[in-house]
Structure formats: C-alpha cells, structure tokens
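Participant: Pasting a predicted model and its sequence here:
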Amino acid sequence: MEKNQPENPDLLEKTNDDVPKLLADDAIVAVPDAVAGESEVKSADKLEDDKDQEEKEKEKENETEKEEELKEKDESKDELELHCDLQTILEDVDQFLLTSHGSRDREEDSAVEIPKFIDKFMDLVDAKIEQYENTESNAKEREYRVPEDESSFLEAVNRIAKLKSAIHKMKLEDEKNPLINRIGSTQQRSFSCLEEEFRFFLEESRNGDSDPEPDRCDDADSAQLLFPGYSGEIVSYLNKIANQMIAGGFESECCQVYIVARRNIFEDALQKFGFEKYSIDDIQKMSWESMEREIAIWIKTIKHCATVLFSGERDLAESVFSAYPPISASLFSNLTRGIVIQLLNFSEGVTMTKRSAEKLFKMLDMYEALRDLVPKMEDLFPEESANELKTESTTARTRLGEAAICIFCDLENSIKADTGRTPVPGGAVHPLTRYTINYLKYACEYRNTLEQIFKDHAKIERADSTNRPHFEGEQAPTYNHPSNDNQSPFSTELTKVMELLDSNLEAKSKLYRDIALSSIFMMNNGRYILQKIKGSAEIHELVGDAWYRKRSSELRQYHKNYQRETWGRLLGCLNHEGLMVHGKVIKPVLKEKFKGFNALFEEIHKTQSTWVISDEQLQSELRVSISAVMIPAYRSFLARFSQYLDPGRQTEKYIKLQPEDIETYIDDLFDGNASSMARKRT
C-alpha cells in the first residue's frame, strides 16, 4: 500500500482539484443522460440534508435553553455566594488600606498601585446595592432576610469610606479621579440603601403582639422588657446601621429617619389607648360626657407613658445609638417632648372650658396624675430637658389647681343663689342639702390634694371678690372651732360652705306656715347632714368635734320645738282645768274635752301622715317620743274620767279612741302618705 501512495502530496492535492473539474466538463459534453440521473440523486440528497438541518436547529435550540438555564443557575449561585465573596475580598481591601496608610513618606505614595481587586470589590458592592434596591419594593422578601447576613455589606460600606480617604491621599492624579468618582457614587447609593434599611427595620420589624396591653400597664417591669417590641437581633442590627451612617457623615439622615419612624409608632401606641390630638377649640366644644371620657383616657395614657412607654423609648434610643450618648439623649428628649406637649395641651384645654361643679373631681384627678407621675418622667430626661419638663408640668398643674379652687368656691355662690320660694313638700330633705353635703363628702376624699392646692393658692386674690371675700380680709367663720387659728385654708373654706348652707336652710324653713313642719324640715336636713359627716372620717375631722356637737344640740332643739307645737296642744285637751268644780266633774266640759281631743288628733294624723322623715332612725325616735308622751297621758285621763260618761251611745260618741288606737295612728305619721282615721276605722 505504501508503494501506491504518491510521493508528492502537493501534486496529489493539485491533481485531485483538477480532476473533478475535468470530469465535470467532459460530462457536460459527452454524457447528457447522466446529468438527469445525477439531478435525481441530488434531489434525494437535498431532502436528506434538509431533514438533517432541522434536527440540527432543534438541537441548537435545546442547547440554547440549557445554556440559559445554566446561566440562571450560575447567576443565582453568584448571588448566593456574593456574601462569601464580599467577606473574602474585604480581607484584601483591609490589607491594601493597611499598606497604603503604613507609608508615612508622601514620596512613597507614587509607588503604591491600585490593585485590580479594588475594581472587583466595587463590582461586588454595586451588585449588592442592586440587590437591595430590587428588594425595596418587595417587603415580603426583605422581611425574611436575616439582619446578621448583612454584616458583610455593612463592613463593605465602612471600607468604602476608608478607601476613599486613602486614595485621596495618594499621588495618583491621573488614575485616582475616576476611581474616586466611582467610590463616591457607590458610597452615596450604599448609604441610601442603609437609610432605607434603617427605616424598614424600625417600622416593619416590630412584633405588634409584644406591645404591652393598656390593662396590664401597671406591671411596669414586665412590660418594659417587651416594649417597644423589637427583638435583640433587630436592635443590634439597627445599632450597626446607625453607627455606620453616623461614622460616614450621615448623622442627620439617620436621626431624621429614627425620629419620624418612632414618632409614628409612638402615636400609634397612644391611639391604642384611645388618646387623640385635640385642639383647645375642640376641647371647649366637647360635651361634658365626652370630655369626661377623654379625661379618663388622658389619665391612663399619661400613667402608661410615665411608667412604661418613656422608659422603653429611652432604652431603645440608648441601645440603637449606644456609641453616641448625646445623640440618643437628644432623640429621646425630642420625641418624648412632643408627646408631653400633647398631653399638657389637653390639660390646658380642660382648664379653659366653662366651669361647672361636676368638673372638679376630674380636674383633681388630672392634678394628681401630673403631681405623681411627672417626677417619674423627670428621672428619664437629661438635666436640662428635665428642668424644662418640670417647669411646663408645674404650670399645667397650677392651672388645674386654680380651676379647681374656682369651681369649689363657686359652690358658695350656688348656695347663695338658691333662693327658691317653694318649700319642699312634707318637710323632706332639701335637694340643696343633698347636693352640697355629698359634694363636700366626695371632695374630702381628695382632702390631701385640696389641702395642697389651697395652701399653694391661699394668698391669691380673686378677681371676683364675691367668691372669696375672706381672702380680702373678711373673717372666716369659726363655728366655735377651738383650733380655728390652725385651720388649713381648705378646712376654712369647707366650714364657710357649711355655714352658708345652714343659713340657707334656716331661710327655707320659714317658708312653711306650720311651725311644727318647719321644725320637721330642719330636723330632716340636720339629721341628713350629721349622718353624712358621721360616715366620713375626712369631713368629720375637718369640721371638728365641737361643730358636730353643736349641730347635734340644735337638732335636739328642733325636736323639742316640734313636740311642743304639735303634741303640747293635744295634751292641753287632757288637762284638768275647768273640769271639776267643788270636787265634782262637770260633764259638759268633759264632753268638750273628749270632742276637742278627738278632732285635734284626727287633724294631726291627717296632716302629719303626709309629712316625710326619710331617715328611719329619726322617724322611729319621733314616734317613740310621741307615744311616750301621749299614750300614758291619754290612758290616765281615760281611766279617771270615762266613768262619768253614760255607758252606751254616750261613751261611743265621745270616747272614740283607745290607747292602743293612739299608738297605731302614731305609727302612721311621717310616711308621706295621706290617710284619715275615718278610712282606717272603716
């Protein structure tokens, strides 16, 4: 076989080229039938080639799809390995920074070259930024991102700032400008990402269920651990972002994001309590029912702020800005100051509303809240802010105190103004008595607070001199109070109100034409007052034992006056005057005695059964005292003189009542129900 091969390969190649050409020319001239046969072969070959081409195209498409899938997988893999790549290349960047800063000789800077991995580092950071920017619109994707996984990005941002500073110091005028521009652009984008990241995790990463419930706000210790609702991991991440932003010169942006986010969250927390922002005009237009509800919410809110929310807010600021105490203190003060102003504005609005007696106790509640809770808040603030808070809260508390004094002193005017000319039916307790005594009794439950308020304002001169005349030199009433010289301003005011009430009741008692009923009226009201004072140790202590004994003595005197006016007249029918002459009973006079007694007793029964004594003990005491006087006297008279009347019709005509009947009818008195003896007998 080797002998048959051409010795010259080039000649073979040339011959091979020439032969087909020659054969082709000859075929055209000499063999025309062969051409047709060859065309048929070529057509068949062409069909086969087309089929092969289609298969190749399909294979190519499949390969393209596989390449795209592989590319996507590679991109995903690159994205997953980005953290690792960043972390690895950071070591190289640190080494470069150490080398560039280690040279103190400025002439040696020219020898420092910018390594290629710096560009790779910038590429990786830009890719990470794009990843952040792509997830900004996808909150759910960001929600599942673990903050700890972002540590390499934070470190990269830190190195960018250091890299920018280092390159600025190098003598690489031709090379460094484009790089510095790129670094500056990347740095700006990275801090924009951090700013958005900071905002997102402040606003969206809180566990809403961990906020302390209002009903459990008294448990300040346990609630403080939960509020403001961030996990330790999130707080640590926020701290790293804040440190990086502040170190990079973005303190203003960082603080602005923090204050806006926390203010919104804080206001949401207040709304959970039902606390709303109201202008002073809004408050003045409120009905008392609405205002009363809002005051209760206000008290609950300020209590929760002082014991839970503010302390939690300070802890959060100190944790996020742990490396910058002045910043954390400033942010906490600015945030909470806005809340405190809202609370104090509401307080001021309440004091500016129209005064009415029912508002006193709610204002005292507000006064006590400020008095007791503001000191707890002051401890949380820096000294300057604490002093400012103390000044503003003291002013608000003073205004509440002044309003409370005005309302309390208006009670005097209301008593003076009650000059109604219509007597209370049946001599019952007057509504003014019930209102005034219950008002004073309730006020005395705030005794310590009112004592404090009146002491603070004892020397204030009132514009309306009719409200507080004794502040302008008028002698306060004494009621023979042995320690009057040592009385507190509130005790003096209380005694004055009692004196005014007593004078008013005396005037109203004169509206009754029946003197006995006038005494019943004074007994009813006097007994009501004493019973209320007896049931309240606070008011009893304020008015004193001497005052109480004096009023008890007056009550007994009214009782005697009643007995004399009513039953003294009836006893007059049973006296022996003119009944006997020379030892003999004059029957016509005796008959008149019985007739007079029967008629007067029926009149008394008919009238006084409509009178009212609501105090059961006083009612019983009166009935017993009446029976003790009347029944023995009547029984004795009947036993001595009934025998002088003829038995039968004459006895029935004049002796209509037996002693037992007298006792029964006395038990009908003071029930407030009209009844007659005639109806009872039938």
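Facilitator: Perfect, I can see it now.
Participant: CA atoms for contacts and neighbours, from now on please.
Facilitator: Will do.
Participant: how about low-confidence regions in the stretch 501-650 of the chain?
Facilitator: Scanning the stretch 501-650 of the chain for pLDDT under 70 picks out nothing.
Participant: Please enumerate the helices of it.
Facilitator: Along the stretch 501-650 of the chain, counting by DSSP state H, counting those that start in this stretch, helices occupy 515-534, 537-543, 545-572, 587-608, 616-641, 649-654.
Participant: Run the chain-centre distance for the one helix or strand F346 maps to.
Facilitator: Here F346, judged by DSSP states H and E, is contained in helix 325-351. Remark: helix 325-351 is offset 15 Å from the chain centroid, using CA atoms, centre = their mean, to the nearest Å.
Participant: Which strands or helices does that helix pack on?
Facilitator: helix 251-272, helix 280-284, helix 310-320, helix 383-417 (3 or more CA pairs under 8 Å, 6 or more residues apart in numbering; DSSP states H and E).
Participant: on that earlier part again, nearest approach to I339 belongs to which of the helices of the stretch 501-650 of the chain?
Facilitator: Of all these, helix 537-543 sits nearest to I339, with 37.0 Å by CA to CA.
Participant: Mind listing residues that contact that closest one?
Facilitator: Outside helix 537-543, the residues within contact range by CA atoms under 8 Å, 6 or more residues apart in numbering are 440-441, 444-445, 447, 491, 494-495, 533-534, 548.
Participant: Got a quick PyMOL command for the buried subset of the residues you listed?
Facilitator: Those of these that count as buried under 16 or more other CA atoms under 10 Å are selected in PyMOL with:
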select buried, resi 440+441+444+447+491+494+495+533+548
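Participant: Helix or strand next in line after the helix holding F346, which one?
Facilitator: Taking DSSP H and E, what comes next after helix 325-351 is helix 360-378.
Participant: contact partners of that following helix?
Facilitator: Residues outside helix 360-378 that contact it (CA under 8 Å, 6+ apart): 292, 295, 299, 302-303, 306-307, 310, 347, 351, 386-387, 389-390, 393, 397, 400-401, 403-404, 407-408, 443, 446, 449.
Participant: tell me the angle of that helix relative to helix 383-417?
Facilitator: 170 degrees (axes from the mean of the first three to the mean of the last three CA atoms, to 10 degrees).
Participant: residues of helix 360-378 that come out buried?
Facilitator: So, applying 16+ other CA under 10 Å, buried residues of helix 360-378: 360-370, 373-374, 376-378.
Participant: Can you name the two of these that sit furthest apart?
Facilitator: Comparing all pairs in the buried residues of helix 360-378 by CA to CA, the longest separation belongs to L360 and E378, at 26.9 Å.
Participant: Neighbours of A417, how many?
Facilitator: Burial of A417 is recorded as 10 neighbouring residues (other CA atoms under 10 Å).
Participant: Tell me how many other residues crowd the closest residue to L238 other than its chain neighbours.
Facilitator: Spatial nearest neighbour of L238, chain neighbours left out: V320 (5.9 Å); criterion: CA to CA, 6 or more residues apart in numbering. V320 has 22 neighbours, counted by other CA under 10 Å.
Participant: coming back round to it: could you give the average pLDDT over the helix holding F346?
Facilitator: Throughout helix 325-351, pLDDT has a mean value of 92.
Participant: and that helix with helix 310-320, angle?
Facilitator: Using the same axes, to 10 degrees, helix 325-351 lies at 160 degrees relative to helix 310-320.
Participant: quick one, helix 325-351 and helix 251-272 angle?
Facilitator: Using the same axes, to 10 degrees, the inter-axis angle of helix 325-351 relative to helix 251-272 is 40 degrees.
Participant: List the buried residues for helix 325-351?
Facilitator: Buried residues in helix 325-351 (16+ other CA under 10 Å): 327-329, 331-333, 335-337, 339-340, 342-351.
Participant: any idea which residue sits dead centre in the chain?
Facilitator: Nearest to the mean C-alpha position of the chain, by CA atoms, centre = their mean, lies T301 at 2.4 Å.
Participant: these two touch, right, that one and Q271?
Facilitator: No - T301 is beyond contact range of Q271, at 9.5 Å (criterion: CA atoms under 8 Å).
Participant: burial count for I167?
Facilitator: I167 has 23 neighbouring residues, counting by other CA under 10 Å.
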